[in-house]
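1. Have a look at this prediction, sequence included:
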Amino acid sequence: MAQRQTEQDLERRFQARVDAEEKIEPKDWMPAAYRKTLIRQISQHAHSEVVGMQPEGNWITRAPSLRRKAVLLAKVQDEAGHGLYLYSAAETLGTTREELVEALHRGKAKYSSIFNYPTLTWADIGAVGWLVDGAAIINQVALQRTSYGPYARAMIRICKEESFHQRQGYEIMLALAKGSAQQKAMAQDALNRFWWPSLMMFGPNDDESPNSAQSMKWKIKRKSNDQLRQEFVDQTVPQIEVLGLELPDPKLRWNEARGHYDFGAIDWEEFYRVIKGNGPCNRQRLQHHIKAERDGDWVREAMRAYEDKRRGREAA
Amino acid sequence: MACNPVRDRSDKNHSDGNMSKQTIVEYATRLGDDALILGHRLSEWCSNGPFLEEDIATINTSLDYIGRARMFLSYAAELEGAGRTEDDLAYTRDCRDFKNLLINELPRGDFAFTTVRQFLVDAFNLFFFEALVGSTDTQLAAIAAKSVKESRYHLRRSRDWMLRLGDGTEESHRRTQTALDDLWGYTDELFHMDPLESELLDTGVAVDRAAVRLRWEPLVTELIDAATLQLPQPYTLPGGGRQGVHTEHLGHLLAELQFVQRAYPGLQW
Amino acid sequence: MKHMPLFEVFIRSKRGLDHTHVGSLHAEDHRQALEYARDVYTRRSEGVSIWVVKSADIVASQEGDRDSFYDPMDDKPYRHATHYVLPEEVNNM
């Protein structure tokens, strides 16, 4: 009884701290469900960064100019760095990177469904930078105020670094849109293919998102899925117009009364199909990640063996 | 080579006219190709490294090489004065026109192969660029100064990896020794002086590769020993990179590198 | 398989400033940790000096120590400049 009382006290104190916009730090007491939710969300975020290296990495060796090649390489490297920052944040919650990666490999942990779509043409690299990073930034800007300190700090760092990602993507699209007819068609095709999956990145509608309310109360999430999605649409439509490309959704139009753009219905069946593992590239992405890990086994073993020997020599 | 042994260095660039300019264009192109092709090979590691930290570090090295390639190639294009750009050189030349040394174009192989190649080339680059800093060509000297700093760090990394892999597990030792044996025959080409480079050496533009070898060999030999590896039995492969006679691998690399430019010629990206 | 140890990374962003914690990474030893810190955390020339320390070597105060560690400091307002009321003319002291 006394135990339960204490637990309730702790929980009250925890929520009061969250309500007061104070950050929760690693050594603080926190509800087990808060910890679990955070680990799930941060690791999902980390996996997304790392798996997200693949569709863009797919074009590093084929980038059409040396400048584009260097930029893309630097960008994909940033994604690796961001994955690393996020794994670090997750590790402060008492889990390890191997546990998280293992969960990914066993299909227990998710990553953003957008990365299960293929990058078929160079324009896709533009679309990914512009739309996918654009959507990610909207989400991440909100998360800079998330209640868990290490996660918020990782987000601040990531947002600062990502500022060039979306711009380089848009710059690619701009070059194509102002280029030859073929290039413009390539840009339009990429926009059409990546538009809907980008909208899906914000997750299910609010009334279909069961964990959202609790996450909002804990201030892990700061804005709802639909709010963020609307922000993305409102921000992106004028950018499409500047490119001079056709809108990818006939229902996209300005709603004066709402002060927002209306848009068509999202194909949630597709969303859930991809989430469940049956998108165009799910298996490929996972197998790639697993293979890299396996190929690295002997390297990591060698490192450890060498370190053990070195210490042995030092001790002797 | 029929040339005046007492050339005056100072007026070489000007009075000797196009011939001299053309040789510097060729020299810069060679160095640019070396950097481009190895940078490309390193970039293939992106998302394939043994763990995240190493992925990030390898990409940094790759970025250094690609940056260096851009500097050399844009200098070559500018000096040539034919209106070409770094991208024209990288994306529209065929296999026979690429002048990189063969060691750079070999497929990335496993992590041991990449490590050994980096070690051999990083050590070479450090000494080569330290010498090129003294070039009478100020542009080449400036690129070299930047490359020295980069190479020092690259070598620090690849040396450490040689030790870890050579003196790690039985498997890592075996893989590393195999890579060393396979790569050894390609190292001779690093030190080969042809008439063009000899001429540029006379004018103080180019580096004496034989002198680089004198610094490279002891470092490499010592490290191979420290890594508990065996110095390979000496053997020499034909070489030919400077004449555009490559391995079969380069054509495939170029097919990938140049795909977009070849499929949609003459466009801006 | 057991993973490499975790290291915490601190960076001095420019001369005259303290080293600040920026995050963590995995490495086999200190030397490697330092190199990876350079590659991971200073990609945009964020630093002039790096510290790495094994996470396991950090001794941290505990949430439970809070009362005895920090609260006693709350009753010593005389340590703060604002405690002393001076005439306006010299108040920028």
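-> Here it is on my side, so go on.

2. Give me the neighbour count for residue 77.
-> Using chain A here. 24 (other Cβ atoms under 10 Å in any protein chain shown). From N, CA and C alone the C-beta is placed, and that goes for glycine too.

3. that answer is for a different chain, and I need it for chain C
-> Using other Cβ under 10 Å, C:Pro77 has 9 neighbouring residues.

4. now do the one 3 residues further on
-> By the other Cβ under 10 Å criterion, the neighbourhood of C:His80 contains 8 residues.

5. Output the contacting helices and strands for the strand or helix carrying B:Ala90.
-> Taking DSSP states H and E as the criterion, B:Ala90 maps to helix B:86-92. Helix B:86-92 sits against helix A:66-91, helix B:17-43, helix B:52-80, helix B:259-263, with contacts defined as 3 or more Cβ pairs under 8 Å, 6 or more residues apart in numbering or on different chains; DSSP states H and E.

6. Show the average pLDDT along the third one.
-> Across helix B:52-80, the average pLDDT comes to 97.

7. ditto for the last one
-> Taken as a whole, helix B:259-263 has an average pLDDT of 97.

8. how about the strands in chain C?
-> According to DSSP state E, chain C carries its strands in the segments C:6-12, C:19-26, C:49-54.

9. Chain A is nearest to which of these?
-> Chain A lies closest to strand C:19-26 among the strands of chain C, at 4.3 Å (Cβ to the nearest Cβ).

10. Buried residues, the closest one. List them.
-> Within strand C:19-26, the residues scored as buried using 16 or more other Cβ atoms under 10 Å in any protein chain shown are C:Val22, C:Gly23, C:Ser24, C:Leu25, C:His26.

11. Test my guess that A:Asn192 contacts A:Pro250.
-> No - with contacts counted by Cβ atoms under 8 Å, A:Asn192 stays clear of A:Pro250, the gap being 11.7 Å.

12. Show me which residues of chain A are close to chain C?
-> Chain A has residues A:27-29, A:74, A:77-78, A:81, A:84-85, A:88, A:91, A:96-98, A:153-154, A:157, A:161, A:297, A:300-301, A:303-304, A:306-307, A:310 near chain C, with proximity defined as Cβ under 8 Å from any Cβ of the partner chain.

13. can you list the residues of the stretch 151-269 of chain B near chain A?
-> So far as Cβ under 8 Å from any Cβ goes, the stretch 151-269 of chain B lies against chain A at B:163-165, B:167-169, B:171-172, B:175, B:256-257, B:259-261, B:264, B:267-269.

14. Tell me both backbone torsions, phi and psi, for the residue of the stretch 101-250 of chain B found nearest chain A.
-> Proximity of the stretch 101-250 of chain B to chain A (Cβ to the nearest Cβ) peaks at B:Gly168, 2.8 Å away. When quoted as degrees, to the nearest 10, the phi and psi of B:Gly168 stand at phi -90, psi -100.

15. The nearest residue to it once chain neighbours are set aside: how many residues sit nearby?
-> Spatial nearest neighbour of B:Gly168, chain neighbours left out: A:Ala302 (2.8 Å); criterion: Cβ to Cβ, 6 or more residues apart in numbering or on different chains. A total of 27 residues lie near A:Ala302 under the criterion other Cβ under 10 Å.

16. What score does A:Ala302 have for pLDDT?
-> Value for A:Ala302, per-residue pLDDT: 97.

17. measure B:Arg209 to chain C for me?
-> Remark: distance between B:Arg209 and chain C (Cβ to the nearest Cβ, to the nearest Å) = 29 Å.

18. what's the neighbour count on B:Gly240?
-> 14.

19. Isn't it up against B:His246?
-> Yes - with contact defined as Cβ under 8 Å, B:Gly240 and B:His246 form a contacting pair (7.0 Å).

20. what is in contact with these two at once?
-> B:Leu102 (Cβ atoms under 8 Å, 6 or more residues apart in numbering or on different chains).

21. and the closest residue to A:Thr92 other than its chain neighbours, which of the three is it?
-> Of all residues not flanking A:Thr92 in the chain, A:Pro26 sits nearest, at 4.1 Å (Cβ to Cβ, 6+ apart). State at A:Pro26, reduced to three classes by DSSP: H, G, I helix; E, B strand; the rest coil: coil.

22. Can you tell me the SS state at the closest residue in space to A:Ser180 that isn't next to it in sequence?
-> In this structure, A:Ser180 finds its nearest non-sequential neighbour in B:Leu267, 5.7 Å apart by Cβ to Cβ, 6+ apart. Judged by three-state DSSP, the three-state class of B:Leu267 is coil.

23. Please apply the same query to A:Arg222.
-> A:Arg222 falls in the coil class when you classify it by three-state DSSP.

24. So it sits against A:Gln140, correct?
-> No - A:Arg222 lies out of contact with A:Gln140 (Cβ under 8 Å); the separation is 10.8 Å.

25. any shared contact partners between these two?
-> Contacts common to A:Arg222 and A:Gln140, judged by Cβ under 8 Å, 6+ apart, are absent.

26. What distance do you get for A:Glu162 to A:His45?
-> 13 Å (Cβ to Cβ, to the nearest Å).

27. picking that back up, buried subset of the residues of chain A next to chain C?
-> Here, 16+ other Cβ under 10 Å leaves A:28-29, A:74, A:77-78, A:81, A:84-85, A:88, A:91, A:97, A:153-154, A:157, A:161, A:300, A:303-304, A:306-307 buried among the residues of chain A next to chain C.

28. Which members of those additionally contact chain B?
-> Near chain B, by the rule Cβ under 8 Å from any Cβ, you find A:Ala74, A:Gln77, A:Gly81, A:Leu84, A:Arg300, A:Met303, A:Tyr306, A:Glu307 out of those.

29. Which member of those is positioned nearest A:Ile275?
-> Closest approach between these and A:Ile275, by Cβ to Cβ: A:Leu84, at 24.8 Å.

30. Residue 74: what's it in contact with?
-> Because you didn't say which chain, this covers chain A. Counted by Cβ under 8 Å, 6+ apart, A:Ala74 has contacts B:Ile59, B:Leu63, C:Arg43.

31. Quick check: the last one touching B:Asn60?
-> Yes - applying Cβ under 8 Å, one finds C:Arg43 in contact with B:Asn60, separated by 7.3 Å.

32. so how far is B:Leu36 from C:Lys54?
-> On the measure of Cβ to Cβ, C:Lys54 and B:Leu36 end up 40 Å apart.
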